[in-house]
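1. need a 3D model of the sequence below.
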Amino acid sequence: MGDAFLRSVGPCYVLLGFGLVFTVAYSLLCVVLPLTRDLRTWQGFGTFAAVAFVFGNIGFNYVMSVRTDPGSPTQRDVQVMCAEAGAAVRRWCDKCRCPKPDLTHHCSVCKRCVLRMDHHCPWIHNCVGHRNYRYFFNFLFWLWCGCMVTVWHTRGAALGERGISVFGMARVGGAGHAGGVFLETPSRRRRHPGGSTPDPASFPARAGVRIASPASGGHRHALALHGGRGTDAYGQSGGNKIHAAASGLSPASSDAKAAGTLFENFENSFAADASAFPRRAPTRDERSAAAFSCLLAVSVFLAMCGLWFWHVYLVLTAQTSIDYHRFAEKRKEARRRGETYANPHDRGWRRNWQDVFDERGRNWWWLWAMPRLKPHRGTGVPIVVEA
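-> Residues are numbered from 1 along each chain as shown. Just a heads-up that it's a prediction; the model follows:
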C-alpha cells in the first residue's frame, strides 16, 4: 500500500519541488535584488550573476536527479561485468532474476534492483543510486548554498525595523539604539515647529540617512543628511552642510559643529549615490514574497544542515544510507567476537570522493560540484567483494 502510494504521488512531489525552487528564485532575482542592488553597476551585476549561478545549479541537478536512471544489474552491460567477475558475485535477486552485486538493493517502489542504492526519494520520483547520486548530492549542496543566499538577501523582510536592512534601506541597529545607522524614505519625513527641540529619533530626512551616536555627558547626537539643500531639525535651511542637533544643545554648539564637519563630505557622496540609484519602497506583495522566501529558506537550510552533512559522511566513508546500518551490525558482531570490522569498500576519503563523483585529475577538488551532463561512467559493480 505504501509503495503504491509513493509511486502515485511521486509526480506531485516533483511538481511541488520545482514550484518552490522557481518561486524563491523568481522572488530573489526579479523582486529583491532589483530593489537592493543597482544592477547597472559591476557589483550589482556580479551579485545577480552569482545568485543566478547558484539557482541554475539547483535547477540543473534537480532535473538530472529526476531524469537520470540510477543503474540496475538488469541492464546488459552490468550483467556482462558481473559475468566477468564470475564467482565473485555471490548474491542473486529472485524478483529481478539477475545477479546482485555488493551495495545493490531491490527497491520495492521501483520494483527493480538498483546499483549502489542509497534510498528511494519521493521528491525526485526516482531512486538515488550509482549514476544519479552525483546529481542528488550536488542538488543538496547547491540548495544549501541557495538557502544561505536567500536568507542573506531577504532577511530584512522578516526583521524589518528591528535592525537589519530592508530592501536596501540599510539599518545597523534599530531605531532608537545609540550608534544606529539607517536610511529612511521621504514618506517618513516629518516637520517640527520652529524653535522646538526635537527628539533625535524623529529627525526628518530626505535622502534618508540618520546617524545616532553617544555623546559626552549622556547626550545623543543625530545627523540628518538631506543630500543637497534641505531643512534641518530647527527649521533652518542649509546648503551642502550637515544639520546636527542634540538634545539640550543649540545648533551653534561646539559638538554640533564638530559633527557637521566630520560628516560634511559624506553627505555629498551619499547624495550622488542616491541620485545614481533611486530606491523605492517595496509593495506589500513584494514584502510578502520576500518574507515567504526567507521563511522557506530558513526551514530548508536547517534540514539541509543535517541531510547534506550526513551524505558527506557517507561519501567519505564509502557507504550508502542502507549499507550504513548493515555495516553497523557487522561491526557489533565483530566486537562481540573481539575483532574489528573494516569496510572493504573504503579506499580512503580522497579515493572514495573521486569514485563517487567520477572526477579525477588535478582539478577533482572543485569539478565535483560543477554541472556535467554525462552520468557516472563506471559500471557500479564494486571491485572488492565482501566476504
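
2. quick check: which element contains residue 123?
-> Per DSSP states H and E: residue 123 is located in neither a helix nor a strand.

3. from here on, call the first residue 21.
-> Got it, first residue is 21 now, which makes that one residue 143.

4. correct me, but it touches residue 34?
-> Yes. With contact defined as CB atoms under 8 Å, residue 143 counts as touching residue 34 (7.0 Å). Yep, even glycine has a C-beta here, placed from its N, CA and C like the rest.

5. neighbour count: those two, which is higher?
-> Using other CB atoms under 10 Å, the more surrounded residue of residue 143 and residue 34 is residue 34, with 19 against 15.

6. for that one, give me the pLDDT.
-> Predicted confidence (pLDDT) for residue 34: 96.

7. for it, give me its contacts.
-> By CB atoms under 8 Å, 6 or more residues apart in numbering, residue 34 lies in contact with 86, 143, 144, 145.

8. in what helix or strand does it lie?
-> Using DSSP H and E, residue 34 maps to helix 22-46.

9. on the three-state scheme, residue 302 is what?
-> Following DSSP: H, G, I helix; E, B strand; the rest coil, we place residue 302 in the coil state.

10. so it makes contact with residue 55?
-> Yes. Assessed by CB under 8 Å, residue 302 is found in contact with residue 55 at 5.7 Å.

11. find the nearest non-adjacent residue to residue 316, please.
-> residue 44 (6.3 Å; CB to CB, 6 or more residues apart in numbering).

12. thought that neighbour was touching residue 171?
-> No. Contact criterion CB under 8 Å: residue 44 and residue 171 do not qualify, at 10.6 Å.

13. find the residues that touch each one of those two.
-> residue 317.

14. between the two, which one's more packed in?
-> Higher neighbour count among residue 44 and residue 171: residue 44, with 25 against 18, using other CB under 10 Å.

15. the protein: strands as residue ranges?
-> 112-113, 118-119, 125-127, 132-134, 139-141, 146-148, 191-192, 201-203, 229-234, 240-245, 250-251, 257-258, 263-266 (DSSP state E).

16. buried ones among the contacts of residue 34?
-> 86, 144, 145 (16 or more other CB atoms under 10 Å).

17. just send those back as JSON lines, with distance to residue 76 and pLDDT too.
-> Shown next, in JSON lines, are the buried ones among the contacts of residue 34 (distance: CB to CB, whole Å; pLDDT from 0 to 100):
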{"residue": "86", "distance to residue 76": "16", "pLDDT": "96"}
{"residue": "144", "distance to residue 76": "18", "pLDDT": "96"}
{"residue": "145", "distance to residue 76": "22", "pLDDT": "95"}
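
18. residue 351: which of these is nearest?
-> Checking these against residue 351 by CB to CB gives residue 144 as the nearest, at 30.8 Å.

19. roughly how far apart are that closest one and residue 301?
-> 40 Å (CB to CB, to the nearest Å).

20. just residue 320 next, same as before
-> 28 Å.

21. show me which of those two is the more surrounded one.
-> Just comparing residue 320 and residue 301: by other CB under 10 Å the higher neighbour count belongs to residue 320, 20 against 15.

22. list the residues that contact the more buried one.
-> 163, 167.

23. if we can go back for a sec, out of the contacts of residue 34, give me the two with the largest separation.
-> Of all pairs in the contacts of residue 34, the most separated under CB to CB is 86 and 143 at 8.9 Å.

24. could you tell me the least trusted of the strands of the chain?
-> Lowest mean pLDDT of those: strand 201-203, a mean of 35.

25. didn't residue 89 look like it was pressed against residue 148?
-> No. Counting by CB under 8 Å, residue 89 stays clear of residue 148, with 11.7 Å between them.

26. those two: who's more crowded?
-> residue 148 (23 against 15).

27. the helix holding residue 34: which residues count as buried?
-> Within helix 22-46, the residues that count as buried by 16+ other CB under 10 Å are 26, 27, 30, 34, 37, 41, 44, 45.

28. what's the nearest residue to the second one if we skip its chain neighbours?
-> Read that as residue 27. Spatial nearest neighbour of residue 27, excluding adjacent residues (CB to CB, 6+ apart): residue 129 at 5.9 Å.
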